[in-house]
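*Asks:* Sequence plus predicted model, see below.
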Amino acid sequence: MKPEELPILADKEKALQASKTCRLLYCSSTACVASGSGAVKDGLTRALKDNPAGKAAALAQTGCMGLCSHGPMVRVEHADRPSTLYEYVNGEAAARIVADELAGQAPAAIAPESAGRVLPQDIPFFTRQTKVVLARAGVIDPERIEDYIAHDGYTALTRALGMTPEQVCDEIQRSGLRGRGGAGYPTGLKWQHVRSAAGDKKYVVANGDEGDPGAYMDRTLMEADPHSVLEGMIIAAYAVGAQQGFFYVRAEYPLAVKRLERAIRMATRQGLLGKNILGSEFSFAVDIRIGAGAFVCGEETALMASIEGQRGLPRMRPPYPAQSGLWGCPTLINNVETLGAITAIVNKGADWFHGIGTEKSKGTKIFALTGKLNNTGLIEVPMGITLREIVYDIGGGVAAGRSFKAAQTGGPSGGCIPAEHLDTPVDYESLKALGSIMGSGGLVVMDDTSSMPAVAKFFMEFCVDESCGKCVPCRVGTVQIQGILQKVVDGKAVQADIDRLERLCVTVQRTSLCGLGQSAPNPVISTLRYFRDEYEQMLGAAASARAEVSA
Amino acid sequence: MITLTIDGQPISVTPGTTAMDAALANGIDIPRLCHHPDLKPSGGCRLCLVEVDGRPNPIPSCGLACEPGMVIRSQSDQLTALRRDTIDLFVSDHPLDCVTCDKAGACALQKYAYDYGITETSHDFKLGRTLYQNDNPFFIRDHQYCILCAKCVRVCDEVIGAHAIEIVDRGFGSHVATPFDVPMADSNCVFCGSCVQVCPTAALLPVSRLKQGREWELEHKKTICGYCGVGCGIDYRTKGNHIVYAQGYPEAPANGEFMCVKGRSGWDFAQHPDRLTHPLVRKDLARELGLSAEAWTLGPTQRAALADFVPVAWETALDLVAAKLAAAVKAAGPDAVAGLASARCVNEDNYLFQKLMRAAIGTNNIDHCARLCHASSVSGLGMAFGGGAMTNPIRDIRDADCLFVTGSNTTESHPVISYEMVRAVKSGASLIVVDPRQIPLTEHATLWLQTRPGTDHFVFLAIAHVILREGWADRDFIAGRTEGFDEFAASVAPYTPEVAALASGVPADKIVLAARMYALGERARGASKYAAESERGHSGIFWAMGITQRSEWD
């Protein structure tokens, strides 16, 4: 394909969509599939077939619409009036929706608790979000490249190919984009490092090995808008001078893998991938590597070992992947969400992106909002929004009338933030100062029924299971920490155990080889920092008495 | 050279040197459990952490590249505390059975526990691994003592190239195993025992060493292995007059710490009860000469021999042989006697034997078992290079850029040489194997030219042809060192790669590729050690019996 053919393809698709009386979009992301969107699809299909006006309407799947706890979701779009969003849809409700919409009438009044009721789209859950990376999620059919192209797809690539690679790197650097995998390293700087590293052969890797419990930002992005990540990767490859890319996606994400495979196939067929992309001198190929379920393989050096066919173990850095990565070649590793932000930056400019967020954290961040909230799901918010806004406005407050106790960010590498810090702006530095981290975007809200030592124990069990075993602090230290936490929860711990726990946490933090071990004690340290009284209340009374006697 | 400071001491090193190596080379001892000078840094034991000015966290010195002006401290209160905590974690997962442990005195964990005053763990003792495996005659695997330093796994991969073991499972439950935990004999293991050699604890021990005394009771008897021509140094650990086990030692020039199964385990004959330890004379001859039997302690096979032989004193036997030889020379002249020497004896013995034949007997009828295998190489190398032996020390192999192996199943015949080849390949050298068989080295080969049996010379001639045709030959080098080169060049002119392909079955493009890789010393990856001094990489040709035993050229 030549660059000038792109708008023709886009117009053709737009005309096709405009020719329909309405478009019925059902969410086909994993969360809605799990809550029954398969039956919704069947219901919609059958109802359209049975309806004489059905042929004039279009039915399409989309990626995530955001409010996953209210799924399956269906949205109906009309050319001449605002769309309608339906929640908790099932097969029967689907038939009713088709009947109402095709008849051109307002949704029939139904009992408030029934399936397929209308969800207003002006609620804070939607209005307080800023969709940049997820702009097309829930809007386009992720399995049709035409739909992506009709929504400005691959225009950023065209624009980037008209710039020099240096200019592209500069643009990303000026935007202030930082790595969305958790550590927050400046993306443009990383690109520059790979670009200037010596070597003819270079690689780009998209890290889609999202593993934090409760986090599903990357999965959703890959499922909802695979082409945007792919396009971001192609631009990255052009900027750093890479010839081969890899998507590293965990095997637990079969739908994301399927959609990426399809996206790669479609893009290659259209000449957007492969040899002489869009008629330029630039060639780039992409393959998918599927992870086998080890959390540590999300760590970049372990991930590279896994791609190389080795046991997925982290290694010491330096050398960093930018100098010596896959098979010893300079390698750019970016998180899926980071790559997802590239097209918007290239299209709308670095200044625009730079205008969103706080001084040091620019742009938006996707969070998987889970836990004891009224609204849980996937949200995209500008950096600097407060936790309070996320919890009470977007999340709709704590569920079942309970009170907020803590928000856990960053998964097993993160920490718990108590109520007194709810007004903290969410950015890399502020969360770190509170003893937590931005992490990849897991955000779990706990209410006053949660026991914090039990929460710490849960995350430590996760780290014990997922430690690769290469270095002793993580392999043995986490087991010992878990043992002490078990004693605490069982009411068998004494004060000396808490002292040993704190010391051990510091040792594991300071001496572990990779980020997994270095951050594994964070949930314990942060709960000790803010909820120490809960630990102390759980000390075995009898045991403490004995300790006093022997002391 | 770059200069940095470690523990206040100014130190100069070449760029790329790790802080650990810089420290060790300058007499600064940094605690370490997973480091080995012949293996790539792993960083798993966390004991070698050092402080670096300007860096917030302690850094493992084994993976820390020296930079100019770096200020490093290997000792501090903080480091001592972190190391104590780390050892504390190790011993929470390792039985402190030192009072009965065979490894006591040679165990690295025991040493550091002693150095840092750890008498027991402050944690709850929890053992991650309890398996005890004695599935082979050479070594046992006692997993409770394993500290997962992975030195065994790495030596098997990086040096031996056998890949017989890997760490399986993960986290606390991870352990070293063969694929699918099959018995060692069913795995790729070649029983070279290098894993046992590098194991810092009692997790891997030679079977012959079990319950044979404490490490400090054993003596060191250093010698050279008598099996093949590599000439490995062996340190026999002995007790009384008895070999307990064999180990390599770092200073051995040919092999360092590594040996093959023969060197490490093939010494049991030395103390086998059947070994012939005293002279025997045929019974009828003894009776005829009136020789009296000596009272020897005899093994079972020797006792069986008493039906035909009589044990006699050394003096008696030597006198008898001397008298008989003298009689033969007297009766039929010195040339009636011939001597045949053995490659299993040391050079000095062979020298003395030919002296006996030539000076005492007076005959040139002296030959050696190496006539069969080595005569053609001695004369060939003598003519080509002026000396009938290897042109380079064995240690040069690991730094080669391109290895050309033919007529040698190196892995089986000269295993320790193959270790050097594996190391070269693992660090990026290219390997060309010309062999009709899929020998173990082909697994590591960049290019395997599988010739039809007896046709390899076509490939060699074609490679020479391509090198000359493409102008890859170093004409100055040739002009300064050869004679009759034009005749040689003319002789290879007809042997195009296509001709060789027809004869040998090796595709012509592979022959051209091999010619280029060899002639230009092309590496598979990475930079040449010789990049600064020459444009081309350094290539080496390695051949053995498969070439010298050729009886005819078509």
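*Replies:* Structure's in. What do you need? Residues are numbered from 1 along each chain as shown, chains lettered A, B, ... in the order given.

*Asks:* what sits against the residue of the stretch 401-550 of chain B found nearest chain A?
*Replies:* The shortest separation between the stretch 401-550 of chain B and chain A is 5.9 Å, found at B:R525 (distances taken as CB to the nearest CB). In short, each C-beta sits where N, CA and C put it, glycine included. With contacts defined as CB atoms under 8 Å, 6 or more residues apart in numbering or on different chains, B:R525 is in contact with A:W327, A:G328, B:G428.

*Asks:* Is it correct that the last one falls within a helix?
*Replies:* It stands for B:G428. No: counting by DSSP: H, G, I helix; E, B strand; the rest coil, B:G428 is located in no helix; its state is coil.

*Asks:* The residue nearest the centre of chain B: which element?
*Replies:* For chain B, the residue nearest the mean C-alpha position is B:V416 (2.8 Å; CA atoms, centre = their mean). Here B:V416 is covered by helix B:415-426, with elements defined by DSSP states H and E.

*Asks:* which bits of chain A sit near chain B?
*Replies:* Among all residues of chain A, those adjacent to chain B (criterion: CB under 8 Å from any CB of the partner chain) are A:294, A:296, A:311, A:315-316, A:318, A:327-328, A:464-473, A:475-480, A:483, A:500, A:503-504, A:507, A:510-513.

*Asks:* follow-up on the earlier one: let's test this: mean pLDDT of the helix holding B:V416, rounded?
*Replies:* Here helix B:415-426 scores 96 as its mean pLDDT.

*Asks:* Which residues belonging to the helix or strand just after that helix are considered buried?
*Replies:* The helix or strand immediately downstream of helix B:415-426 is strand B:430-434, counting by DSSP H and E. Neighbour counts over strand B:430-434 (16 or more other CB atoms under 10 Å in any protein chain shown) mark B:S430, B:L431, B:I432, B:V433, B:V434 as buried.

*Asks:* same deal with stretch B:507-523?
*Replies:* Going by neighbour count (16+ other CB under 10 Å), the buried part of stretch B:507-523 is B:508, B:510-523.

*Asks:* From those residues, which land in helices?
*Replies:* Residues from the buried residues of stretch B:507-523 lying in helices, with DSSP state H as the criterion: B:A508, B:K510, B:I511, B:V512, B:L513, B:A514, B:A515, B:R516, B:M517, B:Y518, B:A519, B:L520.

*Asks:* which among those gets closest to A:Q270?
*Replies:* Distances from A:Q270 to these, taken as CB to CB, are shortest for B:L513 (36.2 Å).

*Asks:* if I look at A:T187, how far off is chain B?
*Replies:* Separation of A:T187 from chain B (CB to the nearest CB, to the nearest Å): 23 Å.

*Asks:* typo on my end, A:A292
*Replies:* According to CB to the nearest CB, A:A292 stands 11 Å off from chain B.

*Asks:* And the helices in the stretch 51-200 of chain A?
*Replies:* Secondary structure of the stretch 51-200 of chain A (DSSP state H, counting those that start in this stretch): helices located at A:91-102, A:124-127, A:145-150, A:155-161, A:165-175, A:187-196.

*Asks:* Determine the angle, from 0 to 180 degrees, between the last one and helix A:165-175.
*Replies:* I take that to be helix A:187-196. 160 degrees (axes from the mean of the first three to the mean of the last three CA atoms, to 10 degrees).

*Asks:* Go ahead and confirm B:N134 touches B:M184.
*Replies:* No: look at B:N134 against B:M184 with CB atoms under 8 Å: they stay out of range, at 9.9 Å.

*Asks:* higher neighbour count, the two?
*Replies:* Neighbours of B:N134 and B:M184, each counted by other CB atoms under 10 Å in any protein chain shown, are more numerous for B:M184; the result is 19 against 12.

*Asks:* quick one: that one and B:G193 touch, right?
*Replies:* No: between B:M184 and B:G193 there is no contact under CB under 8 Å: 11.2 Å.

*Asks:* Any stretches of the chain with poor pLDDT?
*Replies:* Defaulting to chain A. Regions of chain A meeting the criterion pLDDT under 70 cover residues A:541-551.

*Asks:* Correction: the question concerned chain B.
*Replies:* For chain B, the stretches with pLDDT under 70 are B:296, B:551-554.

*Asks:* near chain A, which residues of it show up?
*Replies:* So far as CB under 8 Å from any CB goes, chain B lies against chain A at B:41-46, B:49, B:57-58, B:60, B:62-63, B:65, B:82, B:85-86, B:89-90, B:92-93, B:122-124, B:126, B:128, B:147-148, B:150, B:166-167, B:169-174, B:525-526.

*Asks:* Which members of those residues are positioned in strands?
*Replies:* When the residues of chain B next to chain A are checked against strands using DSSP state E, the ones located there are B:L49, B:P60, B:E166, B:I167.

*Asks:* Turn the buried ones among those into a named ChimeraX selection, would you?
*Replies:* Buried subset of these, written as a ChimeraX selection, criterion 16+ other CB under 10 Å:
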select /B:49,60,167
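
*Asks:* just curious, which of the ones in strands among the residues of chain B next to chain A is nearest to B:A270?
*Replies:* Looking at those and their distance to B:A270, the nearest is B:E166, at 34.8 Å (CB to CB).

*Asks:* Tell me the bridge partners for that closest one.
*Replies:* On DSSP bridges, the residues paired with B:E166 through beta bridges are B:A177.

*Asks:* How is the chain divided into domains?
*Replies:* If you meant another chain, say so; for now it's chain A. Chain A resolves into domains spanning A:15-121, A:152-352, A:364-447, A:452-545 when parsed by automatic domain parsing.

*Asks:* right idea, wrong chain: chain B
*Replies:* Listed by automatic domain parsing, the domain ranges of chain B are B:2-75, B:108-271, B:274-326, B:333-369, B:379-548.

*Asks:* Can you say which of the residues of chain A next to chain B are buried?
*Replies:* For the residues of chain A next to chain B, a neighbour count by 16+ other CB under 10 Å gives the buried set as A:294, A:296, A:311, A:315-316, A:464-473, A:475-480, A:483, A:500, A:504, A:507, A:510-513.

*Asks:* Inside helices: which ones of the residues you listed?
*Replies:* Within those, residues falling in helices by DSSP H are A:464-466, A:472, A:478-480, A:483, A:500, A:504, A:507, A:510-511.

*Asks:* ok now the helix or strand A:A256 falls within, how far from the chain's centre?
*Replies:* Here A:A256, judged by DSSP H and E, is contained in helix A:254-269. Here the centre of mass of C-alpha atoms in helix A:254-269, compared against the chain's by CA atoms, centre = their mean, to the nearest Å, lies 18 Å away.

*Asks:* wait, is B:V244 part of a helix?
*Replies:* No: assigned with three-state DSSP, B:V244 falls outside any helix and is strand.

*Asks:* what's the burial count for it?
*Replies:* The criterion is other CB under 10 Å. On that basis, B:V244 has 20 neighbouring residues.

*Asks:* Enumerate every residue touching it.
*Replies:* Residues counted as contacts of B:V244 (CB under 8 Å, 6+ apart) are B:S208, B:R209, B:Q212, B:G213, B:L218, B:Y236, B:R237, B:T238.

*Asks:* May I ask which two of the residues you listed are separated the most?
*Replies:* Spatial extent of the contacts of B:V244 (CB to CB) is set by the pair B:G213 and B:Y236 at 14.1 Å.

*Asks:* between these two, who's got more neighbours?
*Replies:* Regarding B:G213 and B:Y236, a neighbour count based on other CB under 10 Å identifies B:Y236 as having more, with 18 against 13.
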